[in-house]
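Asker: below are the sequence and a predicted model; questions follow.
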Amino acid sequence: MSKVHKYQFYFRIEPEAGMAIDEDGNPIECYTKIGLDREKLFSNGEYEEVAGKLAEALAELLEIEKKFVISVTEEEYLANVEDGEDIDVACQALN
């Protein structure tokens, strides 16, 4: 069996999507990550391409416009999410 490579993709959902509110009922941004396991390493530019496709799929799943799903760095994600506050979506693509 081939080695499985684990990747994480991080996203910010803009306040305009209406996915989260603060204690006063005002729309706020929220964050999510998607884990992807696959046998092949990503080639140059492929990670960004997959991130774009995952953003589209996430927008469709959440029934929001894709423009409200923004790919972010792990650093931005970690700076804005406390443990247990995010939506964690896992995917497996072994090809």
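Answerer: Everything's here; your move.
Asker: this protein: strands as residue ranges?
Answerer: 5-13, 20-21, 27-28, 30-38, 69-72, 87-92 (DSSP state E).
Asker: could you dump those strands into CSV with mean pLDDT and distance to Leu58 added?
Answerer: For the C-beta atoms, the positions are set from N, CA and C on the backbone; glycine is no exception. Below are those laid out as CSV (pLDDT from 0 to 100; distance: least, Cβ to Cβ, whole Å):
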stretch, mean pLDDT, distance to Leu58
strand 5-13, 94, 6
strand 20-21, 91, 14
strand 27-28, 94, 18
strand 30-38, 92, 7
strand 69-72, 96, 5
strand 87-92, 49, 7
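Asker: ok, which of these comes nearest Ala59?
Answerer: Ranking these by proximity to Ala59 (Cβ to Cβ) places strand 69-72 first, at 4.8 Å.
Asker: list the buried residues for stretch 35-52?
Answerer: Within stretch 35-52, the residues that count as buried by 16 or more other Cβ atoms under 10 Å are 36, 38, 50-51.
Asker: I meant stretch 7-22, not that one.
Answerer: Quick answer for stretch 7-22 (16+ other Cβ under 10 Å): 7, 9-15, 17, 19.
Asker: ok, and what's touching that stretch?
Answerer: Taking contacts as Cβ atoms under 8 Å, 6 or more residues apart in numbering, the residues outside stretch 7-22 that touch it are 26-38, 42, 47, 50-51, 54-55, 58, 62, 64-65, 67-74, 76-77, 80.
Asker: hmm, try it at 6 Å
Answerer: Applying Cβ atoms under 6 Å, 6 or more residues apart in numbering, the external contacts of stretch 7-22 come out as 27-36, 51, 54, 64, 68-72, 74, 77.
Asker: again, but for stretch 59-66
Answerer: Contacts of stretch 59-66 (Cβ under 6 Å, 6+ apart): 17, 56, 69.
Asker: can you pull the pLDDT of Leu41?
Answerer: On pLDDT, Leu41 comes in at 91.
Asker: and if you look at Asn44?
Answerer: In this model, Asn44 carries a pLDDT of 85.
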